[in-house]
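> Using only what follows, build the 3D model:
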Amino acid sequence: MKLHELLAYNDIVIQCHDNPDADALASGYALWWYFKQMGKTARFIYRGRTAVNKSNLRIMMERLDIPVSFEPDFMSVPELLVTVDCQYGERNVTRTDADVIAVIDHHQVTRELPELSEVRSGIGSCATIIWDMLREEGFSLDEEKNLSTALYYGLYTDTNRLSEVSHPLDRDMRDSLLVNRSVITEMSNSNISLDELTITGHAITGYEYHPEERFVILRTEPCDPNILGVISDFVMETDGIDASLAYYVSPFEVKLSVRSCVKEIHADELAAFLTDGIGGGGGHILKAGGTIRPELLDELASKNEDTYTLADRILLERMKEYFSLYKVMYARETTLDPEGLRLYEKQPQELGCVKLTDLFPAGTRVEIRTLEGDVEIFVKEELFLMVGLEGEVYPITKEKLEKSYTRTGKPYSREFEYDPTLKDTVTGERKGVLKYAMGVISSGGSRILAGKLDHYVKLFTAWDEEKYYSGNPGDYIACREDDPHDIYIIRGRLFHRLYKEIQ
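Numbering: from 1, shown residues only. Reported below is the predicted structural model:
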């Protein structure tokens with residue numbers, strides 16, 4: 001959905017979920033601002049039983065002039081209703097009748113969506129989605145400091161003070177907005193109430209420790225999601241704990257925070273595992289978070305289980321399962337068992353290639369931003385970037401490029417979920433990689449020994465002993481024919497596009 005599609009309507013109401021948080025308020029504010037710029041009058045409301053009373057949110061509404069009103073008894077039937085940071089019909093948003101429904105959200109889809117909808121479940125905040133939609137309509141927020149501050153704070157709170165930001169689009173918004181830092185500080189320092197301070201103490205003293213796996217679980221009463229991060233960060237200071245899970249259960253959501261302090265456990269992977277099929281999770285290697293939707297969780301319920309006991313059971317079972325599933329491998333210390341391995345040869349593939357000095361001068365320190373994360377390198381004359389089949393980007397020297405690839409002389413044209421970018425870390429200037437990419441054909445011929453995995457693996461490669469690569473059943477584990485310690489994981493969906501078996 002594009003924002004301009006909503007301009008066909010005149011009587012417009014924007015509704016966020018009951019008991020709104022900063023992301024919901026920021027998202028509604030941004031959409032209200034867009035309609036105002038386009039000459040439309042829209043009303044921004046929330047419903048439910050209780051008006052917002054958290055100190056940080058009241059400061060946000062007052063200092064940033066957010067035009068939202070509490071309408072518990074709203075009776076009008078608008079021509080267009082747009083729900084933001086929630087999906088129409090969910091438990092956490094009071095039903096409002098309308099002729100046409102539209103949805104903008106970043107949570108997992110829990111029901112059939114209307115034709116007018118924009119739901120991106122991998123994004124850290126709904127504010128990011130609307131910011132991106134505004135960009136697509138040609139709007140800049142450089143002169144809109146209140147709105148920019150609201151959007152930033154929406155992402156800030158929904159990703160535990162930005163510690164759980166994972167999607168590059170979230171990082172793009174974070175880096176581009178000009179915000180009022182003093183207001184951010186004021187809101188952040190008013191985030192915890194005395195009641196939530198008590199909740200924090202009860203959660204910490206009521207921990208559940210599992211010494212065999214060295215993880216701790218803490219359940220709290222419903223609270224601001226940032227409290228979960230505070231609790232998680234505190235308990236990770238404790239000797240004997242490698243990972244932690246803090247969560248609360250409410251009728252509307254199960255919110256969780258995950259931490260790790262050892263390289264064998266990636267917090268973002270654990271959060272995704274805990275929420276798989278019933279919500280969504282992600283973040284960084286050491287800090288992550290997630291949300292479980294009660295509507296999806298209920299499908300796993302046994303007889304007479306309510307949401308609270310069901311969440312407790314599922315999360316404990318999945319924590320135990322995660323720690324028992326994976327076999328950890330260190331490529332420098334092991335070789336693959338030849339039993340079950342077959343010989344394969346790499347097939348020719350068209351990929352993308354970018355000469356770094358075509359974008360920035362040699363010596364420039366640049367940040368490469370992709371779906372896989374941010375990496376900083378120095379631009380060198382002999383250094384190129386390769387663009388893989390799924391938009392992944394990795395450096396390659398001129399020598400290796402010319403040895404393994406043939407240039408087509410034509411621009412490389414592919415569409416990916418996110419266009420990788422390069423940013424000058426000093427000036428902030430940003431350039432899209434694909435705009436400069438040229439096609440290259442891999443020469444093929446390199447041979448590997450590979451076998452399909454029937455179990456889960458965490459592989460520390462010979463060239464990176466700090467970050468593992470996960471292999472799941474159906475993926476392939478492989479090594480170069482001439483180097484048994486050069487072991488790596490190849491996704492099952494890509495393997496037969498890349499390699500053919502040698503009979």
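> What's opposite G279 in the beta bridge?
In this entry, G279 is beta-bridged to I292, by DSSP bridges.
> For it, which residues are in contact?
By CB atoms under 8 Å, 6 or more residues apart in numbering, the residues touching G279 are H107, Q108, V254, G290, T291, I292, R293, L296, L297. Placement of C-beta: from N, CA and C, glycine included.
> ok now do the last one, which residues does it touch?
Taking CB under 8 Å, 6+ apart as the definition of contact, the neighbours of L297 are V254, I278, G279, T307, L310, A311, I314.
> Could you tell me which of those residues belong to strands?
V254, G279 (DSSP state E).
> Can you tell me which of the contacts of L297 has the lowest confidence score?
Lowest pLDDT among these: T307, with 86.
> circling back to that earlier point, filter the contacts of G279 to the buried ones?
Buried subset of these (neighbour count, 16 or more other CB atoms under 10 Å): H107, Q108, V254, G290, T291, I292, R293, L297.
> Would you mind pulling the contact partners of stretch 126-139?
Contacts for stretch 126-139 (CB under 8 Å, 6+ apart): 2-4, 23-24, 26-27, 30-31, 34, 37, 84-85, 104-106, 118, 120, 123, 141, 150-152, 154-155, 158, 167, 169-170, 173, 177.
> Buried among these? Make that a ChimeraX selection.
Here is the ChimeraX selection string for the buried members of those, based on 16+ other CB under 10 Å:
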select :3,23,24,26,27,30,31,34,84,85,104,105,106,118,120,123,141,150,151,152,154,155,158,167,169,170,173,177
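> Tell me which of the contacts of stretch 126-139 fall in helices.
23-24, 26-27, 30-31, 34, 37, 150-152, 154-155, 158, 169-170, 173 (DSSP state H).
> Among the contacts of L297, which one sits closest to F416?
Using CB to CB, G279 comes nearest to F416 of the contacts of L297, at 25.1 Å.
> And that closest one, how far from P168?
Going from G279 to P168 by CB to CB, to the nearest Å gives 21 Å.
> same question, N160
N160 is 18 Å from P168, by CB to CB.
> And for M386?
18 Å.
> ok, then the element right after the helix or strand E402 falls within?
Taking DSSP states H and E as the criterion, E402 maps to helix 398-404. Proceeding N to C from helix 398-404, the next assigned helix or strand is strand 405-411, under DSSP H and E.
> Buried residues of the longest helix belonging to the chain, list them for me.
Looking across the chain with DSSP H, the single longest helix is helix 307-325. The neighbour-count check on helix 307-325 (16+ other CB under 10 Å) flags T307, L310, A311, D312, I314, L315, R318, M319, Y322, F323 as buried.
> Ok, stretch 178-191 next?
Buried-residue list, stretch 178-191, by 16+ other CB under 10 Å: V179, N180, V183, M187, S188, N191.
> number of nearby residues for the residue nearest to the third one when sequence neighbours are not counted?
Read that as V183. Using CB to CB, 6 or more residues apart in numbering and skipping residues adjacent in sequence, the residue nearest V183 is R63, 5.2 Å away. Close neighbours of R63, defined as other CB atoms under 10 Å, add up to 16.
> isn't R63 right next to I184, touching?
No - counting by CB atoms under 8 Å, R63 does not reach I184; the two are 10.2 Å apart.
> Assess the claim that E118 and I104 are in contact.
Yes - using CB under 8 Å as the test, E118 is close enough to I104 to be in contact (5.0 Å).
> Can I get the longest helix of the chain in PDB, CA atoms only?
Extracted in PDB, the C-alpha atoms of helix 307-325 (Å, rounded to 0.1, in the frame of the first residue of the first chain):
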ATOM      1  CA  THR A 307      -2.700 -17.500  28.300                       C
ATOM      2  CA  TYR A 308      -0.500 -17.000  31.300                       C
ATOM      3  CA  THR A 309       0.200 -20.700  32.000                       C
ATOM      4  CA  LEU A 310       0.400 -21.400  28.300                       C
ATOM      5  CA  ALA A 311       3.100 -18.700  27.800                       C
ATOM      6  CA  ASP A 312       5.100 -20.000  30.800                       C
ATOM      7  CA  ARG A 313       5.000 -23.600  29.500                       C
ATOM      8  CA  ILE A 314       5.800 -22.800  25.800                       C
ATOM      9  CA  LEU A 315       8.700 -20.400  26.700                       C
ATOM     10  CA  LEU A 316      10.300 -22.900  29.100                       C
ATOM     11  CA  GLU A 317       9.900 -25.700  26.600                       C
ATOM     12  CA  ARG A 318      11.400 -23.700  23.800                       C
ATOM     13  CA  MET A 319      14.300 -22.500  25.900                       C
ATOM     14  CA  LYS A 320      15.200 -26.100  26.800                       C
ATOM     15  CA  GLU A 321      14.700 -27.200  23.200                       C
ATOM     16  CA  TYR A 322      17.000 -24.500  21.900                       C
ATOM     17  CA  PHE A 323      19.900 -25.400  24.200                       C
ATOM     18  CA  SER A 324      19.500 -29.100  23.300                       C
ATOM     19  CA  LEU A 325      19.200 -28.800  19.500                       C
END
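> quick one: contacts of that helix?
210, 213, 215, 217, 219, 245, 247, 249, 251, 254, 256, 270, 273-274, 278, 292, 294, 297-298, 300-302, 305, 455-456.
> repeat for stretch 58-74
The contact list for stretch 58-74 (CB under 8 Å, 6+ apart) reads 16, 20, 22, 25-26, 28-29, 32, 43-49, 51-52, 94, 96, 146-147, 149-150, 153, 183, 186-187, 190.
> Please list only the buried members of those.
16, 20, 22, 25-26, 28-29, 32, 43-48, 52, 94, 96, 146-147, 149-150, 153, 183, 187.
> So what sits opposite the closest residue to D233 other than its chain neighbours in the bridge?
The shortest distance from D233 to any non-neighbouring residue, by CB to CB, 6+ apart, is to R259 (6.8 Å). In this entry, R259 is beta-bridged to S244, K287, by DSSP bridges.
> So which of the buried ones among the contacts of G279 sits lowest on pLDDT?
Q108 (81).
> Tell me who's in contact with S166.
With CB under 8 Å, 6+ apart, S166 has these contacts: G122, G124, D268, G282, G283, H284, A288.
> and if we set it to 7 Å?
G124, D268, G282, G283, H284 (CB atoms under 7 Å, 6 or more residues apart in numbering).
> All set, thanks.
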